[in-house]
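Enquirer: Coordinates for the following, if possible.
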Amino acid sequence: MSVSMHPLNQLALPIGLRRLYDSRPSHILPFRERVKMLLHDSDPTNVKIKSVDLFCFPPWDIPQFSFLNPFSCFDKSETAPVVFQQLFLYHRSRYSSFIPIFTDGSKSDGHVGCGVVFSSDTWSYRLHNCCSVFTAEIVAIFCAIQKISLSTQREFIIYTDSMSALETLSHYHSRMHPTAIRILFTLRLLQNGGYNILFCWVPSHVGITGNETADYAAKSSSPFLILGLPYSDIKKHFSCRIFSSWQGTVDLQIHNKLHSIKPTVFLWPILSIREVDVKLTRLRIGHTRFTHRHLR
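Expert: Predicted coordinates:
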């Protein structure tokens with residue numbers, strides 16, 4: 001499924017109604033029309049939504065996923081990087097027969113990417129700006145598994161500093177990230193083919209060479225990786241654009257009474273008791289019996 005501008009054009013205002021709004025600039029366009037203009041400016045024509053295969057695994061054959069964490073007893077904020085480096089060297093001595101692969105994802109203003117470090121080779125890919133950092137991390141793991149499938153070796157261990165990605169893979173459900181489902185499905189095929197693939201969490205930015213190299217690769221300029229994006233990433237991306245545009249409009253209304261009370265478009269904290277919440281809102285905006293007594 002792809003996000004195209006054609007459906008938006010099909011939902012356009014009738015010509016007569018459009019002329020009415022054009023002739024009266026003081027009248028505000030419907031919300032749908034304003035959002036369509038934002039979408040047009042964002043150029044979503046090349047964005048493809050990745051659908052989720054609900055029948056990838058039967059209920060009686062749910063995949064089991066687990067990962068290693070040799071650093072679980074150490075608090076990163078209170079542990080020197082050299083301690084983690086020594087722990088990792090000890091861990092590698094126990095799993096020396098497994099080929100190490102490091103993955104990482106990165107997101108910054110105007111750039112989303114992922115990196116994979118495999119033996120002496122390093123790959124980096126750039127993703128669509130709609131992608132979240134979690135998507136970048138999970139795509140990096142998927143790319144690593146694809147590289148494994150092309151290898152003649154059979155024992156690998158994938159290292160990632162994304163605990164959220166590993167936790168997601170550990171709790172399968174039909175609505176999980178579509179790339180995570182592809183990872184579990186491909187992992188099952190490789191395991192049935194005689195591959196022994198382990199996963200391990202490593203702390204970031206503590207001097208573990210492979211992880212630092214993967215981090216640099218994820219942040220570097222690289223070719224685009226064309227893949228379907230999860231609906232949640234696209235929705236969040238355009239929601240942020242809508243709120244940003246809305247906030248820009250509010251910032252210009254400095255003489256508005258409400259602007260002096262609430263200068264941001266984000267919601268106030270909601271109280272658990274609605275009656276009290278309503279009273280507090282009326283006090284904030286001045287809609288009380290005391291302020292409107294003259295209207296009696």
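
Enquirer: how's the protein carved up into domains?
Expert: By the assignment in the TED database, the chain contains the domains 67-233, 257-289.

Enquirer: can you pull the buried residues of the shortest one?
Expert: Right, domain 257-289. By 16 or more other C-beta atoms under 10 Å, domain 257-289 has no buried positions at all. The way it works is simple: take the backbone N, C-alpha and C, and place the C-beta from them, glycine included.

Enquirer: repeat for stretch 75-84
Expert: Buried, per 16+ other C-beta under 10 Å, within stretch 75-84: Phe84.

Enquirer: Please enumerate the strands of the stretch 1-150 of the chain.
Expert: Here the stretch 1-150 of the chain has its strands, by DSSP state E, counting those that start in this stretch, at 99-108, 111-118, 121-127.

Enquirer: Format those strands as a markdown table; extra columns: mean neighbour count and mean pLDDT.
Expert: Formatted as a markdown table, the strands of the stretch 1-150 of the chain follow (neighbours: other C-beta atoms under 10 Å; pLDDT from 0 to 100):
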| stretch | mean neighbour count | mean pLDDT |
| --- | --- | --- |
| strand 99-108 | 23 | 95 |
| strand 111-118 | 24 | 93 |
| strand 121-127 | 19 | 93 |
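
Enquirer: Let me have the domains of the chain in TSV, extended by distance to Arg32.
Expert: Shown next, in TSV, are those (distance: least, C-beta to C-beta, whole Å):
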stretch	distance to Arg32
domain 67-233	19
domain 257-289	18
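
Enquirer: So for Leu20, which of those domains sits nearest?
Expert: Of all those, it is domain 257-289 that lies closest to Leu20, at 27.9 Å by C-beta to C-beta.

Enquirer: quick one: average pLDDT of that closest one?
Expert: For domain 257-289, mean pLDDT is 82.

Enquirer: so who does Gln153 touch?
Expert: If you count contacts by C-beta atoms under 8 Å, 6 or more residues apart in numbering, Gln153 has them with Ile99.

Enquirer: so is it in a helix, a strand, or just coil?
Expert: With DSSP: H, G, I helix; E, B strand; the rest coil as the basis, Gln153 sits in coil.

Enquirer: Mean pLDDT lowest where, among the domains of the chain?
Expert: domain 257-289 (a mean of 82).

Enquirer: Over to that one now: how far is its first residue from its last?
Expert: Domain 257-289 has an end-to-end distance of 18 Å (C-alpha to C-alpha, to the nearest Å).

Enquirer: about what we covered before: okay if I get the strands of the stretch 1-150 of the chain as JSON lines plus distance to Leu187?
Expert: Formatted as JSON lines, these follow (distance: least, C-beta to C-beta, whole Å):
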{"stretch": "strand 99-108", "distance to Leu187": "13"}
{"stretch": "strand 111-118", "distance to Leu187": "16"}
{"stretch": "strand 121-127", "distance to Leu187": "19"}
